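1. no sequence on this one, just coordinates:
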DNA sequence: ACTTGGCACTCAACGGCCCCGAGTGCCAGG
DNA sequence: CCTGGCACTCGGGGCCGTTGAGTGCCAAGT
């Protein structure tokens, strides 16, 4: 089947180009892969592949290089996610196992991912909106100031100070605390607004102003302020094969990486799919047109907490990266579920 | 005075080189600066400066470039910190003024600093050890698990989960909470261990095991775990004048920047001085031998919270960078003092 | 004791030139 | 449909020669 062989050729080109970082020619191809045909035949296939837009030549009479479209086909049809080796799994377990606290877990995760893939790793903090309330604490700082501390089951803590319109005793505070907690503790943050809607009706009118102030802050903390924190590691990996990987400069890539908002939107595209791969020009952000992103959601039991993934040149070991991202996401989900 | 003019020449060389990014020759020098002497004279001075190690030539018959030693002299003796312009001050005020919460303050600060200096900006989170305890909260998660939440007066929150050896009622927990707070609330974190030392003696023997477990975690949170968090912005600025600024690659610099521990040690060297400048080879870390660091402590009333600063090529606008770092540090200290 | 113009010298950068070789496209024959 | 052969293309590398900025030194001037 000529069609089948063409795909074989494309796969071979991608693999060779990724590993050698040099445009690959017909001759080198038949030598490195047992394709049982002559270079001339391969050339015909390559001409066809080029015609269809899967590969291109940097300049006449140089080998071929995959296009974004070529990588896309490779990822979708020609490759399988590469599972991690036993020692790699061991390393993950050992490295993440020793983590104490959420910050530590996240930091270790991002470093680990950067090291495994030798790319830039990005991990989003467990999102507030997708977690459940573990506890809401009200701390009286003075009789007109209260600190609201929200603790989620992913181990995250958010705090805010509220200036009260009136004064509030410790007893009143304790009362409010238990009212809040009995309503929302254990529930998803996204459900909280509904659950708290009738709260003002339940308290004495003279305390209502204070309650309203606190409630406003709580709701803001719960939903509006989706402070999507992100940590990153391995940016130095961008500066490895620069010349060929990032024509010109890595600057636009670094700039894009600093726009966390953009990154998060991109990562979010994973949705609930297993793995999301965005290649070169597919990326919404201009600066990432020369880069690819491999991301996934992590978390447990369908309730994904947030996303993590890697960013690298389009010339990337996709199977390996996908394997690492998926494996790390699973381990982290597991560890977070055990309680940090 | 020939000595004086030599210093003038050095200053002129530094300024020209920083602004043009090209080795500066004797002729260009007399044209751009009114030095009232001929190029030949300047050449003699330059030869002397080179002899003394303040400048060097990249190759024979190219202009001169300052050495690390030259920059050092420039910073120490030949330049003054450049105060920010009125619009710049306005911008700082406007940008930092709108911040809500500690995270927001820190994030805005680091972005601002990166933008002002067009270098990589680094801001250390207000350190735990130098702040005072605002409140310690104990939250019962179940009858054998307690979450310890520590809130500092810099607005920072740390939390930890403790597994208890025995069970603990809500009442006992409330009792412990007030004991803890009455002892350490308002005091420096560093004083806490002393203040808590006799706590076990004050409770009933049967509750002692639980107390000890909690106390251990509290102390650990207070002192041992000095989680020195750092945020960074503007790494893309490293990739601007690459060719000349960072011979070879910016990779080692990026690598060094990811080693937060190293960075913090370096920043810490500022001590309580106003501004600390570390130039090229003066830096302890190999990767930063081609870079300079301008840092300072920030905070209020002598009680500095932490450090912030910038990292850039040795060929840097030192007066401008120093002015920006100092100004930003002051504003941030002010804002944090007002309470976040 | 400095300063200065003059002068010979050095050397990186630049452009032109040529050659080499990898790689291609095409074609005619199997 | 595959294959060997062949002419062709063109980037990269090496090798000039030229140019010009910049230097060091010296002898003369103030």
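-> Okay, I see it. Quick caveat: nothing in here was measured; it's all calculated off a predicted structure. Numbering: from 1, shown residues only, chains lettered A, B, ... in the order given.
2. going forward, measure contacts and count neighbours with C-alpha atoms only.
-> Will do.
3. where in chain A is pLDDT low?
-> Screening chain A residue by residue with the criterion pLDDT under 70, one finds the ranges A:1-2, A:129-130, A:223-227, A:272, A:300-304, A:339-340.
4. Most distant residue from the centre of it?
-> When distances to the mean C-alpha position of chain A are computed (C-alpha atoms, centre = their mean), the maximum falls on residue A:206, with 47.1 Å.
5. I'd like the distance between residue A:136 and residue B:170.
-> Relative to residue B:170, residue A:136 is positioned 15 Å away (criterion: C-alpha to C-alpha, to the nearest Å).
6. correction: residue A:190
-> On the measure of C-alpha to C-alpha, residue A:190 and residue B:170 end up 28 Å apart.
7. Who has more neighbours out of the two?
-> residue A:190 (17 against 13; other C-alpha atoms under 10 Å in any protein chain shown).
8. What backbone torsions are found at the more buried one?
-> When read as degrees, to the nearest 10, the backbone of residue A:190 gives phi -70, psi -20.
9. Kindly report the same for residue A:145.
-> Main-chain dihedrals, residue A:145, degrees, to the nearest 10: phi -130, psi 130.
10. can you list contacts of stretch A:160-177?
-> Residues from elsewhere that reach stretch A:160-177 (C-alpha atoms under 8 Å, 6 or more residues apart in numbering or on different chains): A:136-140, A:143-149, A:209-211, A:213-214, A:217, A:221, B:101, B:340.
11. And that stretch, end to end?
-> Criterion C-alpha to C-alpha; first-to-last residue distance in stretch A:160-177 is 15 Å.
12. Could you do stretch A:235-248 as well?
-> When the termini of stretch A:235-248 are compared using C-alpha to C-alpha, they are 17 Å apart.
13. what residues does it touch?
-> Applying C-alpha under 8 Å, 6+ apart, the set of residues contacting stretch A:235-248 from outside is A:21, A:118-121, A:249-250, A:254, A:290, A:312-315, B:249-255.
14. which bits of chain A sit near DNA strand D?
-> Residues of chain A found near DNA strand D (C-alpha under 7 Å from any atom of the strand) are A:1, A:2, A:36, A:37, A:38, A:39, A:40, A:41, A:44, A:59, A:60, A:61.
15. The closest residue to DNA strand D within chain A: helix or strand, and which one exactly?
-> Using C-alpha to the nearest atom of the strand, residue A:37 is the residue of chain A that sits closest to DNA strand D, at 3.4 Å. Applying DSSP states H and E as the criterion places residue A:37 outside every helix and strand.
16. Show the contacting residues for it.
-> The contact partners of residue A:37, taken as C-alpha under 8 Å, 6+ apart, are residue A:30.
17. how close does residue A:289 get to residue A:114?
-> 21 Å.
18. So between these two, which is more surrounded?
-> Neighbours per residue (other C-alpha under 10 Å) separate residue A:289 from residue A:114, with residue A:114 holding more: 25 against 20.
19. Surely the more buried one is in contact with residue A:308?
-> No. With contact defined as C-alpha atoms under 8 Å, residue A:114 does not count as touching residue A:308 (11.2 Å).
20. Spit out the residues that contact these two alike.
-> Jointly contacting residue A:114 and residue A:308 under the rule C-alpha under 8 Å, 6+ apart are residue A:121.
21. so what's the nearest residue to residue A:109 once chain neighbours are set aside up against?
-> The shortest distance from residue A:109 to any residue other than its chain neighbours is 6.8 Å, reached at residue A:96 (C-alpha to C-alpha, 6 or more residues apart in numbering or on different chains). Contacts for residue A:96 (C-alpha under 8 Å, 6+ apart) come out as A:105, A:108, A:109, A:332.
22. Shouldn't residue A:96 be within a helix?
-> Yes. Assessed with DSSP: H, G, I helix; E, B strand; the rest coil, residue A:96 lies in a helix.
23. any idea how far it lies from residue A:90?
-> Distance, residue A:96 to residue A:90, by C-alpha to C-alpha: 10 Å.
24. same question, residue A:184
-> With distances taken as C-alpha to C-alpha, residue A:184 is found 39 Å from residue A:90.
25. just residue A:114 next, same as before
-> Using C-alpha to C-alpha, which is the criterion applied here, residue A:114 is 16 Å from residue A:90.
26. Residue A:195 now?
-> Using C-alpha to C-alpha, one gets 44 Å for the distance from residue A:195 to residue A:90.
27. likewise residue A:330?
-> When C-alpha to C-alpha is applied, the distance between residue A:330 and residue A:90 equals 14 Å.
28. More neighbours: which of the two?
-> For residue A:330 against residue A:90, the residue with the higher neighbour count under other C-alpha under 10 Å is residue A:330, and the figures read 16 against 11.
29. Now the more buried one. Nearest residue, chain neighbours left out?
-> residue A:298 (6.6 Å).
30. give me the element that neighbour is part of.
-> Counting by DSSP H and E, the secondary-structure element that holds residue A:298 is strand A:291-300.
31. Quick one: distance of that strand to the chain centre.
-> Once both centres are worked out by C-alpha atoms, centre = their mean, to the nearest Å, strand A:291-300 turns out to sit 4 Å from its chain's centre.
32. One more: stretch A:128-146?
-> Centroid displacement of stretch A:128-146 relative to its chain, using C-alpha atoms, centre = their mean, is 28 Å.
33. Name the residues of that stretch that come out as buried.
-> Applying a neighbour-count criterion of 16 or more other C-alpha atoms under 10 Å in any protein chain shown, one finds A:128-140, A:145-146 buried in stretch A:128-146.
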